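Undergrad: Make a model of this:
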Amino acid sequence: MFIPHFYWVYFFDLIFIFAAPKRNKLKLAVIKETRLNEKRVALSPQITKQLIAKGYAVMVEQGAGELSAFTDNDYVAAGAVISSSKAALFKEADVFLKINSFSSEEIADLKNGAITLSLMYHSNHPEMLQALASKGVSSFSMDAIPRISRAQSMDVLSSQGNLAGYKAVILGAENMTRIFPLMMTAAGTITPSKVLIFGVGVAGLQAIATAKRLGAVVEATDVRPETKEQAESLGAKFIMVKDEGVKVEGGYAKEVSAEYLAKQKEAVNKSLFQADLVVTTALVMGRKAPVLITEDQVKQMKFGSVIVDMAAEQGGNCELTEPDKVVVRHGVKIVGITNLASTLATNASELYAKNVQNLLQHLSDKEGFKWDLEEEITKGTLIVHQGKVLK
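TA: This next block holds a predicted model:
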């Protein structure tokens with residue numbers, strides 16, 4: 001009996017489909033954050049849907065997105081599986097996603113060969129790295145994304161710092177006793193507030209832009225002279241400190257001499273003592289934040305002025321800052337709220353999730369990780385690999 005050619009093709013295609021080995025999808029697990037006052041989540045429903053469309057499987061711990069205004073039903077609609085058992089997630093998943101670093105209890109539950117992506121700040125937590133290594137896992141640090149053009153879409157510090165810079169100015173406005181813009185009324189004219197920004201990185205630039213949009217007169221200073229043009233492009237007056245001794249690495253000031261800090265203090269004092277709001281953003285990678293405003297300087301500031309210290313979690317740029325507190329010292333209100341990005345949890349989670357997606361798709365496909373250990377982004381972010389601490 002004659003059998004048409006296309007039937008034979010169809011027959012052999014079926015044999016190939018059913019005989020071919022099944023490749024398991026890479027299973028991602030979104031872990032609910034346990035840090036106090038943390039409202040963000042590592043994946044948004046929108047990014048979850050996009051990752052599932054790319055062939056990944058996604059499991060989400062029950063309630064993980066609620067504080068970011070994402071319900072379990074949102075994740076289910078995106079194609080994810082909701083798990084009420086954290087133990088089941090740690091048993092079934094291959095890759096574990098978080099905002100903050102994994103707790104000692106979570107590390108204990110990780111299986112050999114597991115992969116983690118989170119903010120690790122590995123330079124400050126050697127004991128955590130050893131604990132991860134002892135479990136035979138591989139861990140990528142989202143805060144270690146190299147500052148190169150092709151990694152910009154993965155840069156968590158920039159995406160979160162952008163939001164934090166905005167919120168710092170809003171917090172300043174909330175704690176001030178005056179408004180930002182010039183206002184002419186029948187009862188008289190209100191002069192605009194004066195705002196001083198320490199640090200012209202991503203957070204500082206957003207703080208400048210936000211204060212300008214609200215109508216303030218803005219000044220800014222930074223140890224990196226190349227930031228002058230960026231600050232001025234947003235309408236701020238840049239306070240220049242002439243010095244050749246500042247070392248910069250990866251876009252951050254690596255080392256600032258005591259002589260430089262003394263020169264900076266002298267240059268900015270006039271503006272500091274006249275400011276209604278001061279926002280400090282200065283950080284040094286892997287080290288305590290530099291003290292830019294001493295108690296003696298606070299004593300000379302305007303009575304009723306406000307300092308929002310964005311470096312509060314790393315020790316503070318103001319000598320009198322207290323983490324997660326608002327205190328009044330010498331008539332100056334000092335706001336030391338940490339984790340500002342978390343206060344804008346919906347947007348912060350959406351941006352973090354996109355950063356995670358871009359990094360994850362660079363490092364892997366639906367079938368597994370590429371493990372190209374000499375590739376620049378992989379090399380920069382992979383901190384622990386198969387039981388060995390790399391940095």
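Undergrad: List the residues that contact the nearest residue to residue 143 once chain neighbours are set aside.
TA: Leaving out its chain neighbours, the residue that sits closest to residue 143 by C-beta to C-beta, 6 or more residues apart in numbering is residue 119, at 4.9 Å. Where C-beta positions appear, they are placed from N, C-alpha and C, glycine not excepted. Contacts for residue 119 (C-beta atoms under 8 Å, 6 or more residues apart in numbering) come out as 98, 99, 100, 101, 141, 142, 143, 156.
Undergrad: so the second one, which of the three states?
TA: In three-state terms, and counting by DSSP: H, G, I helix; E, B strand; the rest coil, residue 99 is coil.
Undergrad: May I have the phi/psi pair for it?
TA: Note on residue 99: its backbone torsions stand at phi -80, psi -60 [degrees, to the nearest 10].
Undergrad: wait, isn't it in contact with residue 42?
TA: Yes - using C-beta atoms under 8 Å, residue 99 makes contact with residue 42 at a distance of 5.6 Å.
Undergrad: Spell out which residues are contacts of both of the two.
TA: Common contact partners of residue 99 and residue 42 (C-beta under 8 Å, 6+ apart): 118, 352.
Undergrad: And these two? Which one has more around it.
TA: Of the pair residue 99 and residue 42, residue 42 is the one with more neighbours under other C-beta atoms under 10 Å, namely 29 against 26.
Undergrad: ok, how many other residues are close to the closest residue to the more buried one other than its chain neighbours?
TA: What sits nearest to residue 42 in space, not counting adjacent residues and going by C-beta to C-beta, 6+ apart, is residue 97, at 4.0 Å. The tally of other residues near residue 97 (other C-beta under 10 Å) stands at 24.
Undergrad: For residue 97, list the residues it contacts.
TA: Taking C-beta under 8 Å, 6+ apart, we find residue 97 in contact with 28, 29, 30, 31, 42, 43, 116, 117, 118, 356.
Undergrad: One more: residue 295?
TA: Contacts of residue 295 (C-beta under 8 Å, 6+ apart): 319, 320, 329, 330.
Undergrad: any idea how far it lies from residue 261?
TA: Going from residue 295 to residue 261 by C-beta to C-beta, to the nearest Å gives 15 Å.
Undergrad: Tell me which residues of stretch 316-336 come out buried.
TA: For stretch 316-336, burial by neighbour count (16 or more other C-beta atoms under 10 Å) applies to 316, 317, 318, 319, 320, 321, 329, 332, 333, 334, 335, 336.
Undergrad: Sweet, I'm off.
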